[in-house]
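Peer 1: 3D, please:
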Amino acid sequence: MEVILSECLGFCYGVKRAIKIAEEHADGKSCTLGPIIHNPQMVERLKSKGVGTV
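Peer 2: Numbers count the residues shown, from 1 in each chain. All right, here's what the predicted structure looks like:
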């Protein structure tokens, strides 16, 4: 089996923007209503920076 990776990898513009906004407001008092992205590693990263999930 041959696996071909796309040249375009990563998050879409909307997800990048949401992560940027969340990180700008990461003060330990910020929460999102549910995960802003379906990526457990990124949700944990945001949590470690002070952005919780309700």
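
Peer 1: element containing the residue lying closest to Ile36 once chain neighbours are set aside?
Peer 2: Closest residue to Ile36 apart from its sequence neighbours, by C-beta to C-beta, 6 or more residues apart in numbering: Ala18 at 4.8 Å. To be clear about C-beta, it is placed using only N, CA and C from the backbone, and glycine gets the same treatment. Using DSSP states H and E, Ala18 maps to helix 13-24.

Peer 1: what packs against that helix?
Peer 2: Helix 13-24 sits against helix 40-49, with contacts defined as 3 or more C-beta pairs under 8 Å, 6 or more residues apart in numbering; DSSP states H and E.

Peer 1: so what secondary structure elements neighbour the helix it packs on?
Peer 2: Using 3+ C-beta pairs under 8 Å, 6+ apart: helix 40-49 touches helix 13-24.

Peer 1: Apply 10 Å and report the result again.
Peer 2: The contact analysis (3 or more C-beta pairs under 10 Å, 6 or more residues apart in numbering; DSSP states H and E) places helix 40-49 against helix 13-24, strand 30-32, strand 51-53.

Peer 1: Any buried residues in it, and which?
Peer 2: 42-43, 46 (16 or more other C-beta atoms under 10 Å).

Peer 1: List every C-alpha atom in it, with coordinates, as CSV.
Peer 2: Below are the C-alpha coordinates for helix 40-49, written out as CSV (Å, rounded to 0.1, in the frame of the first residue of the first chain):
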residue,chain,number,x,y,z
PRO,A,40,-7.7,16.0,21.9
GLN,A,41,-4.1,17.1,21.8
MET,A,42,-5.0,20.7,20.9
VAL,A,43,-7.7,20.8,23.5
GLU,A,44,-5.2,19.6,26.1
ARG,A,45,-2.7,22.2,24.9
LEU,A,46,-5.3,25.0,25.3
LYS,A,47,-6.2,23.6,28.7
SER,A,48,-2.6,23.8,29.8
LYS,A,49,-2.5,27.4,28.7
